[in-house]
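*Asks:* Sequence and predicted structure below; questions after.
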Amino acid sequence: MAIDYRPLGKSYLDSSEWPALMEKFEGWVGVPYDDGKQIATIGIGVNLKERGYLALVLQKLGVFAANDAYEADRRQANNLPPETIAEKNTRYNTVINDFMAVINSKTLSRTTQKPGESASEIALQIALNVKLKKPEYLGPYSTKTFFLTEIEAYDVKSAIVLGFTIGPITDREPEGSDRNIQQGTKR
């Protein structure tokens, strides 16, 4: 018997209930932290080494919106044609890969410190903040850091549970049709 995964609909899960339940088990930490298994995690147990989850966090932080504006300005300044879907796909994957490289470059460990307070976790936080300050992301004048408020963390966890899609195309179906970054179902 095959298992067909489909995200639960809101009739089965109120988006305010699930994150609250998960927070009881996971807790909420606004900054990247070691989950106890040396996996970079943020919010309510969101694994930052999962591409889709990292993309969702980057979206919540405004990275994709800022990168879209940066690319539009760059194209206009250089008299370039509008961006194609394939180019946007490549650009979004580059953004994800850029942040994933930072996450993968840091080995996390925590002994007696609270989550987010060990030297390795602070080093990861600093490196991600530096990355956010790049002009093509949030820019050098942004005051935003790689931090999720409790409400943002709830939103991210709810999106993971209920299913999500993040902006343009990120990979191809075998038959050649496009697919968005999403959790749960294909479009």
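*Replies:* Here it is on my side, so go on.
*Asks:* All the helices of this protein, residue numbers only.
*Replies:* Under the criterion DSSP state H, helices of the chain are mapped to 17-26, 51-61, 63-77, 85-105, 119-132, 150-162.
*Asks:* so Val63 touches Leu132, yeah?
*Replies:* Yes - Val63 lies in contact with Leu132 (C-beta atoms under 8 Å); the separation is 7.1 Å. C-betas here are computed from N, CA, C, even on glycine.
*Asks:* Find residues that contact each of these two.
*Replies:* Jointly contacting Val63 and Leu132 under the rule C-beta atoms under 8 Å, 6 or more residues apart in numbering are Leu138.
*Asks:* where in the protein is pLDDT low?
*Replies:* Applying pLDDT under 70 to the chain flags residues 1-23, 167-187.
*Asks:* how about a cut-off of 50?
*Replies:* Low-confidence segments of the chain, defined by pLDDT under 50: 1-3, 11, 169-179, 184-187.
*Asks:* List the buried residues for stretch 29-45?
*Replies:* Within stretch 29-45, the residues scored as buried using 16 or more other C-beta atoms under 10 Å are 29-35, 40-45.
*Asks:* how far out from the middle of the chain is it?
*Replies:* Chain-centre distance of stretch 29-45: 13 Å, with C-alpha atoms, centre = their mean, to the nearest Å.
*Asks:* picking that back up, looking at the buried residues of stretch 29-45, which one is closest to Glu150?
*Replies:* Each of the buried residues of stretch 29-45 was checked against Glu150 using C-beta to C-beta; the closest is Gly30, at 7.3 Å.
*Asks:* Please list all residues in contact with that closest one.
*Replies:* Gly30 touches Ile42, Gly43, Gly116, Phe147, Leu148, Thr149, Glu150, Ala153, counting by C-beta under 8 Å, 6+ apart.
*Asks:* mind checking how far the last one is from Glu117?
*Replies:* I take that to be Ala153. 17 Å (C-beta to C-beta, to the nearest Å).
*Asks:* Same check on the second one?
*Replies:* Computed as C-beta to C-beta, the Gly43 to Glu117 distance reads 16 Å.
*Asks:* swap in Ala66?
*Replies:* Distance of Ala66 to Glu117, given as C-beta to C-beta: 28 Å.
*Asks:* Neighbour count for the two, which is higher?
*Replies:* Ala66 (21 against 13; other C-beta atoms under 10 Å).
*Asks:* what's the spacing between the more buried one and Phe99?
*Replies:* As judged by C-beta to C-beta, Ala66 and Phe99 stand 13 Å apart.
*Asks:* centre of the chain versus stretch 90-101, how much separation?
*Replies:* 11 Å.
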